[in-house]
Structures are given as C-alpha cells and as structure tokens.
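Colleague: Okay, structure incoming, though there's no sequence with it:
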Ligand SMILES: NC(=O)c1ccc[n+]([C@@H]2O[C@H](COP(=O)([O-])OP(=O)(O)OC[C@H]3O[C@@H](n4cnc5c(N)ncnc54)[C@H](OP(=O)(O)O)[C@@H]3O)[C@@H](O)[C@H]2O)c1
C-alpha cells in the first residue's frame, strides 16, 4: 500500500506518438513529477523518447519492451495511456492483471480521449480501473484549456450570479484530417470524426454549462440528435490521395468513415430547465490549422473563443520558402502569408494544466475533475449521436439500445 501524499509522482507513458510528445512537452510546466518509464513496440521510438525525457530533465526514463515490464517496474506510480483507441482495453487488462497478481504497484491511471470505442468498452475500462483500486483520470484537455478556465470563471462569477445560468454552449473542432492511418479506419478508431473530435466538443460544452464545483451529472442528458456526412474525403481525387498517403487499408472509395458531424444535445439542469449543446466537427476544414471555436450564451452575456484568432500573427512573403511543418499551429496548412501562431500550444490547449491537475490529484489521492466516469458519459453521448444519425431521428436518454451499440462505420465488414 502506497502512503499518500507522495512527494513526486513517477509516471510511465504508453505510446510515443503525436500526443505523447505534447504531454511530455507540457510536463516541463508541472511540479512534483518525473517521467520514469516508457513502453513502445519499437526500440527506436522508446530510446528516442527516453532521450527526450533526459534532455528536458524530467527524470531518468527507462525504455520498456513490454507493457508488463513497464507496469511492474518498481519506479512507476501512474500510467498515462497514450496509444491508439483500439489498444485501450488491452492496456487496461494488462494493468489490472499485474495489479491483481501483486506484481504492479501502480496506483493511478490517466487515459486519452475518447475513453473507448463503444459504451461496452468504456464501461469495462471503468470497471477494470475501479476493480484494481486505481485512481483514474480522463484526459480531456479542452476542459483545462486556459481560455476555457478563465472564461468559465468570469462568466459564472460575474454574469451568472447576477442574471442566471447559461443555457447554450456551442463547440466546434475542425482540421484537415488526422496524421496516422488508424484514425481513418472506422473499426480501429471507433468511427470517423464524430468519435475522434466530437468527444472534445461535447465534454467542453458540458463543462462550461456545469456550475463550478457541481458534479457533472448535475446536468442530465434528455435527448441527442446527430448528423454525419462525407463532404470531402470520398471525392475520388481525395480518396486516391488517402490511399496514396496511407496505403490500401485506408479505402475511402469503399469503406469511408464520416468526415463531418453535427450534434444537438438536449440537457436538463437541477431545476428542470432546458439547456442545449450545439457541436460540429470536421476533417474537411482547410484553414491555417486546427480551429477550436467555443461559445457560452446566457440571458445577459456571451463568451466567444476562436483558437485561430491568436494574438501573435506572422507574415511570410512568397520569397520565404521552407519545409512543411507544424511549428506555427497544430495541423498547419501553410508556411506563407499571414499565419496565426499559438505561442504556447501545450498551455493554451490545456495539456499543462491538465497534467498538473492529474499529477496533484494522484499524488494526494484526490478524485480528479475528469474521471473515467466522465469518459463513459462522453461515449454514451457519442454513441447516441451515431445511433440518431443512423435512424434519422432524435434519440431519447436513457437508451438501453446503446449498451452494445457499434457505429455503422465501425462494424467489421460494414
Ligand atoms: N487530446 C487531443 O487533442 C488528442 C490529439 C491527438 C491524439 N489524441 C489521442 O491520443 C491517442 C494517441 O494518438 P496519437 O495521435 O498520439 O497517435 P499516434 O501518433 O499514432 O501514436 C500512437 C502511439 O501508440 C503506440 N502504439 C501503437 N500500438 C500500440 C499497442 N498495441 N500498444 C501500445 N502502444 C501502441 C505507437 O507506438 P509504437 O508504434 O512505437 O509502439 C505510437 O507511439 C489516441 O487515443 C488519440 O485519440 C488526443
């Protein structure tokens, strides 16, 4: 039994890809943490990652060649699950087994969004975590994004106290498409853009509408209505582009997943008052880069945020020619012209405060504000939206039919 609080939380990473890089960068702004282990299937990736940890002076990171080795290492307290969606459950099963047999002393786990591909998988993630006695955190960075934290604090303190609660949250996250083939494959990822990005939008909107300090289930989902569409990547030239870039396994001529989704989520507060979330997401947005747009509206006030409306802009003339990169903004689409720049992406997108929160909660044995329970609730909404889109009708909650539901684009052989 570990005695809490621990002075320093020793974290092990599962995954060394895109999001692992973001989390590592953000850890520089987190106190009382060391990154002491990493598991990747590739020797090059795990050594490279361990070297990066060393360069950032974030601890002595040991590369592990198996999950079992990572979770049973004597110098790991908590696991950050940063591997693809289709690997989640297996990672949790190994962690659960190693704890139950006494080989692992890990006492906390954090998992990237979405918690799982289906409601059944998400509930199993939660069950395994609780059964193993783990403190658990759901990594939804937008809840910790600095504009969200600051905006929510001002709206609820100044405006809500004077004129009443907000009733409408709008959220959109859009970019030009993911970077790895598995994201595009419905069965591996769990769906298309609805599963990949709507998870952010519904949770940040739910968070903005929830009174500070109130439990997330103080708002009840009454009904959901979703639409999915294929706007860009099924066009023959773009489907060919995907095949050329990712190989035959990404076949948008014959097996596409949606690249656009919209959602209406109808909620009810503690007093039976109606609230609404409107969300849209797409992989078909070609602007400067990733765009997050948020609004929170109430009787006498409005909050607005657009991640591309950055304070810092850089103009590069046509004479400035260089290689493609993501050094100005995530999912960058150009290297010339007037470009927005996020000076501190890890901070603005919320990774720094998210990791600081998780580390402090785990160190002290406190329940985080985002747990696997929230991850389950998000997946229930997402599956409701897929089902609504499939039947072309609004779906009322609770909906038992979601217990074993798999989105059309994720059904094997569909
Ligand atoms: N919060 C956000 O905004 C955000 C943004 C992007 C992604 N994400 C989430 O983060 C997760 C990872 O996404 P990513 O963009 O980092 O993907 P990625 O770039 O494809 O990286 C995935 C990593 O997982 C590892 N991996 C693959 N199969 C594995 C397995 N069977 N067991 C253990 N590790 C395995 C890969 O490492 P090796 O090949 O070296 O083993 C790779 O390092 C996804 O769930 C995604 O939804 C969140």
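Modeller: All right, it came through fine. Predicted model, so just to flag it, every value in this text is computed and none were measured.

Colleague: So which bits of the protein are right by the ligand?
Modeller: 14-20, 40-42, 45, 82-85, 87, 112-113, 141, 180 (CB under 6 Å from any ligand atom). Any C-beta I mention is one placed from the backbone N, CA and C, and that applies to glycine too.

Colleague: Pull out the buried members of those.
Modeller: Buried members of the residues of the chain next to the ligand, counted by 16 or more other CB atoms under 10 Å: 14-16, 19-20, 40, 45, 82-85, 87, 112-113, 141.

Colleague: Now, the residues of the chain next to the ligand that are in strands?
Modeller: 14, 112 (DSSP state E).

Colleague: Please narrow the residues of the chain next to the ligand to those residing in helices.
Modeller: Counted as lying in helices by DSSP state H, out of the residues of the chain next to the ligand, are 18, 19, 20, 45.

Colleague: residues touching the third one, list them.
Modeller: So the one you mean is residue 20. Neighbouring residues of residue 20 by CB atoms under 8 Å, 6 or more residues apart in numbering: 13, 38, 49, 80, 82.

Colleague: for the second one, helix, strand, or coil?
Modeller: Following DSSP: H, G, I helix; E, B strand; the rest coil, the label given to residue 38 is strand.

Colleague: Provide a list of residues in contact with it.
Modeller: Each residue near residue 38 by CB under 8 Å, 6+ apart is listed here: 12-14, 16, 20, 46, 49-50, 53, 61-64, 70.

Colleague: And it, how far from residue 14?
Modeller: Noted for residue 38: a distance of 8 Å to residue 14, by CB to CB, to the nearest Å.

Colleague: Give the residues shared as contacts by these two.
Modeller: Contact criterion CB under 8 Å, 6+ apart; residues shared by residue 38 and residue 14: residue 70.

Colleague: Residue 243: which of the buried ones among the residues of the chain next to the ligand is nearest?
Modeller: Using CB to CB, residue 84 comes nearest to residue 243 of those, at 20.2 Å.

Colleague: ok, for the closest one, nearest residue in space, not its chain neighbours?
Modeller: Distances taken as CB to CB, 6 or more residues apart in numbering put residue 182 closest to residue 84, at 5.1 Å, once the chain neighbours are dropped.

Colleague: Hmm, that neighbour is touching residue 189, no?
Modeller: Yes: here residue 182 lies in contact with residue 189, judged by CB atoms under 8 Å, at a distance of 6.1 Å.

Colleague: mind checking how far the residue most central in space within the chain is from residue 82?
Modeller: For the chain, residue 113 is the residue whose C-alpha lies nearest the centre (CA atoms, centre = their mean; 3.3 Å). Shown here: residue 113 relative to residue 82, a distance of 11 Å by CB to CB.

Colleague: Distance-wise, check the residue of the chain most remote from its centre relative to residue 339.
Modeller: Farthest-out residue of the chain from its mean C-alpha position, per CA atoms, centre = their mean: residue 319, at 37.9 Å. Residue 319 sits 15 Å away from residue 339 when distances are taken as CB to CB.

Colleague: do the same with residue 101
Modeller: Relative to residue 339, residue 101 is positioned 53 Å away (CB to CB).

Colleague: out of these two, which sits in the busier spot?
Modeller: Set residue 101 next to residue 339 and count neighbours by other CB atoms under 10 Å: residue 339 wins out with 20 against 9.

Colleague: show me the residues around the more buried one that make contact.
Modeller: Applying CB under 8 Å, 6+ apart, the residues contacting residue 339 are 288, 313, 314, 315, 316, 328, 329, 332.

Colleague: before we move on, the earlier item: for the host helix or strand of the residue nearest to residue 84, buried residues please.
Modeller: If you go by DSSP states H and E, residue 182 is part of helix 181-184. Judged by neighbour count using 16+ other CB under 10 Å, the buried positions of helix 181-184 are 182, 183, 184.

Colleague: What's the mean pLDDT across stretch 337-346?
Modeller: Stretch 337-346 carries an average pLDDT of 93.

Colleague: measure the residue of the stretch 1-150 of the chain found nearest the ligand to residue 84 for me?
Modeller: Per CB to the nearest ligand atom, residue 17 is where the stretch 1-150 of the chain lies closest to the ligand, at 1.9 Å. Residue 17 sits 8 Å away from residue 84, going by CB to CB.

Colleague: Let's verify residue 11: helix, strand, or coil?
Modeller: What three-state DSSP gives for residue 11 is strand.

Colleague: List the residues that contact it.
Modeller: By CB under 8 Å, 6+ apart, the contact list for residue 11 reads 27, 33, 34, 35, 36, 37, 76, 77, 78, 79, 80, 359.

Colleague: redo that, cut-off 10 Å
Modeller: Neighbour list for residue 11: 23-24, 27, 30, 33-38, 58-59, 61, 76-80, 106, 108, 110, 355, 358-359, 362 [criterion: CB atoms under 10 Å, 6 or more residues apart in numbering].
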